[in-house]
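Trainee: A predicted structure for the sequence below; I have some questions about it.
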Amino acid sequence: SAVISQKPSRDICQRGTSLTIQCQVDSQVTMMFWYRQQPGQSLTLIATANQGSEATYESGFVIDKFPISRPNLTFSTLTVSNMSPEDSSIYLCSVDGAGRVDQETQYFGPGTRLLVL
Amino acid sequence: AQSVTQPDIHITVSEGASLELRCNYSYGATPYLFWYVQSPGQGLQLLLKYFSGDTLVQGIKGFEAEFKRSQSSFNLRKPSVHWSDAAEYFCAVGRSNDYKLSFGAGTTVTVRA
């Protein structure tokens, strides 16, 4: 499976500020996904990021709040803008298994644990 | 739209005992089904997946799952649990057109000595 890293691994931020989370994968992938996992909850898909096109956002998530970049086939960023305590969550990126004969499978990074005060 | 139900929020099992986690899905087409495990403070690790073929699939760490189309279920089993199996387990269903995943609420497994 792909080796996926995320930076930062955790952060504590003040309300009203923004944080950019990086996701790096060790091989080229077609699709990268960003998820939010609120405390004690399951994962909710924020958006899908394909290289060379605008990210596609799920219902309830907007680009102004969660701008995403996908400059190449191994890297993506998610920014959490104008943060409030409700944004305190784990943010996870995942990638598809393209190139490994299992494009349908998603592999996850270790997550970024965000606390907003 | 697809959806996943994990009826059990929390399961406690003795070390060495068997474990079964339930998962029911709703999806109009042939589903892609997954089980992931999340240990405390960790990301998600893929345990196993089902796309087609043999309905009993083997995964890592001694886990297996059985796809039952008639019951829309994909239950996860392990014959003998180890203390290291204490974690959160998520069932997920993927769409065949864009591979987006929908996750169940998760089942927390506690292993007692």
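Mentor: Perfect, I can see it now.

Trainee: pLDDT score for residue B:53?
Mentor: What the model reports as pLDDT for residue B:53 is 86.

Trainee: Tell me how far the closest residue in space to residue A:110 that isn't next to it in sequence lies from residue B:37.
Mentor: Spatially, and ignoring its direct neighbours in sequence, residue A:110 is nearest to residue B:43 (4.1 Å; Cβ to Cβ, 6 or more residues apart in numbering or on different chains). From N, CA and C alone the C-beta is placed, and that goes for glycine too. Taking Cβ to Cβ, to the nearest Å as the measure, residue B:43 falls 10 Å from residue B:37.

Trainee: Up against chain A, what does chain B have?
Mentor: Counting by Cβ under 8 Å from any Cβ of the partner chain, chain B comes close to chain A at B:32, B:34, B:36, B:42-46, B:49, B:51, B:90, B:94, B:96, B:98-106.

Trainee: In PyMOL, how would I select the buried members of the residues you listed?
Mentor: Here is the PyMOL command that picks out the buried ones among these, judged by 16 or more other Cβ atoms under 10 Å in any protein chain shown:
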select buried, chain B and resi 32+34+36+43+44+45+46+49+51+90+94+99+100+101+102+103+104+105+106
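
Trainee: Mark which of the residues of chain B next to chain A are part of strands, please.
Mentor: Within these, residues falling in strands by DSSP state E are B:32, B:34, B:36, B:44, B:45, B:46, B:49, B:90, B:94, B:101, B:102, B:103.

Trainee: Need the max-distance pair from these.
Mentor: Longest distance between any two of those is 18.6 Å, between B:45 and B:102; criterion Cβ to Cβ.

Trainee: The residue most central in space within chain B: what's it in contact with?
Mentor: The centroid of chain B falls nearest to residue B:35 when counting by Cα atoms, centre = their mean (3.5 Å). Residues counted as contacts of residue B:35 (Cβ atoms under 8 Å, 6 or more residues apart in numbering or on different chains) are B:21, B:23, B:46-49, B:59, B:63, B:65, B:74, B:76, B:89-92.

Trainee: right, and the residue nearest to residue A:110 touches residue A:112 too?
Mentor: No. Using Cβ atoms under 8 Å, residue B:43 is not in contact with residue A:112; the gap is 9.8 Å.

Trainee: Can you get me a residue count around residue 71?
Mentor: In the absence of a named chain, chain A is used. Per other Cβ atoms under 10 Å in any protein chain shown, the neighbour tally for residue A:71 reads 10.

Trainee: look at chain B instead
Mentor: Neighbour count for residue B:71, taken as other Cβ under 10 Å: 10.
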